[in-house]
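Enquirer: got a sequence here, can you build the structure:
(one chain, ligands or ions: 1)
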Amino acid sequence: MSTSTVGISALGVHFPSAALPLAELGALRGVDPNKYLSGLGCHEMALCPAGTDVVTLAVEAARRALASWSGSMGDIGLIVVGTETAKDMSRPLSAWVAEELGLSGAVRSYEVKHACYGGTLALRQAVEWQLSGAARGKSALVIAADVALYAPEDSGEPTQGAGAVAMIVGTPDVAAVDVASFPFSQPAFDFWRPVGQAFPSVEGQLSLDCYKLAAASCFADYVAYEQAESTAKQTPSPAEVLNELERVCFHVPFPKMVKKAVAEVGERLGLDEATTAGFYESKVVPTMRINQRVGNCYTASLWISVASALAGMKPGTRVGAFSYGSGFGGELLTLSAGPKAAEGAWMTAAERDLNEREMLDAAAYAALRAAHLKG
Ligand code: CAA
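Expert: Sure thing, here's the model as predicted:
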């Protein structure tokens, strides 16, 4: 059970107003749609129509979190945006967002970049800022927002997506974030985007291997920690430790990646195949329902999964959250649902976004990409 007094006070989740069914992309690229649907596990990708970008996504998510929070703008002492969709090499994305929100004054404002891990780092920094006492009674506005696009016909194209999650970090009304967390990093070029390059470069197989290594290392560290902390007469087995988590959320570049990572975690922990499969089906699959409909939202991807998992949970229910960012770094966090999780109020607007989207066909998608490439 979490003893943390700090966590997420309010949540806001936002998706853009267009989407492409993956079967349409298959038709456009001459690829069997089953490769995307069952081979990768992706069903639809969220796309930004003209006039929507990473800033509009981040601002709307922030507005939703602020509207459902009992505090006011004057209670925010830190705004931080985790993103890999930088607008500028110098000016932080948080400045664009703060400008739109009318947030200025005694507020620390900055951007965090570490590929898809940046939003989690931003959240950890906000939690640690609170725990250190430096917050002096203020709350933090943390936003994870990205627009993920690959070059047309790139192998990553079916995994594209866009979305934003905003979290107010202060009292743990929605979820407490445990103080202990379990990081792992190792320098690699698995996925990167050089300065001036519009789309990322990817070493596909290497990126899968890096993700799996990070996941297995973080979970092994977590299990060892819980075993050492246990006061039970008999040290809990790895399966028993994992079983304490009701849901386990992952960064979702595409759902098959998560399945492969869970298999690696199971192998590292010495679980038999049936136990690993049961863990994946019961605790992980339900958390990816929305990710399958929006694609890879980079920094927002894990937090979309966490926001969806927390909605409807009883207070005290435990959640695991594994973050991965290429380059590469990963971190496993654990959270406990707070009193406001049961309402899951943040999901109403998010579900509305999803249900009201314009579904593009192959020709409309091709036109959107052509317009985007023209700039
Ligand atoms: N029906 C059903 N399944 C099919 C199929 C068909 N007709 N054709 C192929 N498949 C299956 C394949 O067997 C394969 O499944 P398994 O892995 O279980 O064997 C799956 O579909 C994918 O096929 P390929 O491996 O051939 O796919 P690919 O090479 O074209 O693309 C990828 C895969 C390289 C990962 C690509 O999606 C990519 O470049 N993605 C971007 C990088 C990425 O997301 N990496 C993940 C880790 S890095 C990270 O997490 C950071 C981040 O967010 C980017």
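Enquirer: from Gly266, how far off is Pro236?
Expert: 16 Å (Cβ to Cβ, to the nearest Å). The C-beta positions use only the backbone N, C-alpha and C, and glycine is treated the same way.
Enquirer: quick one, which of the two is more surrounded?
Expert: Taking neighbours as other Cβ atoms under 10 Å, Pro236 and Gly266 compare with Gly266 leading, 24 against 16.
Enquirer: mind listing what the more buried one touches?
Expert: Glu273, Thr275, Thr276, Phe279 (Cβ atoms under 8 Å, 6 or more residues apart in numbering).
Enquirer: mind redoing it with 6 Å?
Expert: Contacts for Gly266 were tallied using Cβ atoms under 6 Å, 6 or more residues apart in numbering; they are Thr276.
Enquirer: any idea which element it lies in?
Expert: According to DSSP states H and E, Gly266 maps onto helix 255-269.
Enquirer: ok but Arg124 is inside a helix, no?
Expert: Yes. Judged by DSSP: H, G, I helix; E, B strand; the rest coil, Arg124 forms part of a helix.
Enquirer: what residue, apart from its backbone neighbours, is nearest it spatially?
Expert: Ser181 (6.6 Å; Cβ to Cβ, 6 or more residues apart in numbering).
Enquirer: how much space between the one you found and Thr171?
Expert: 20 Å.
Enquirer: contact residues of the stretch 201-350 of the chain facing the ligand?
Expert: 202, 204, 207-208, 211, 251, 253-254, 256-257, 296, 298, 324, 326 (Cβ under 6 Å from any ligand atom).
Enquirer: just the buried subset of those, written out for ChimeraX, thanks.
Expert: Only the buried entries of those go into this ChimeraX selection, using 16 or more other Cβ atoms under 10 Å:
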select :202,207,208,211,251,253,254,256,257,296,298,324,326
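Enquirer: phi and psi next, for the residue of the stretch 251-375 of the chain found nearest the ligand.
Expert: Closest contact between the stretch 251-375 of the chain and the ligand, by Cβ to the nearest ligand atom, is at Pro253 (3.3 Å). Backbone torsions for Pro253, taken as degrees, to the nearest 10, come to phi -60, psi -40.
Enquirer: now it: closest residue in space, sequence neighbours ignored.
Expert: Nearest residue to Pro253 in three dimensions, chain neighbours excluded: Asn296, at 4.7 Å (Cβ to Cβ, 6+ apart).
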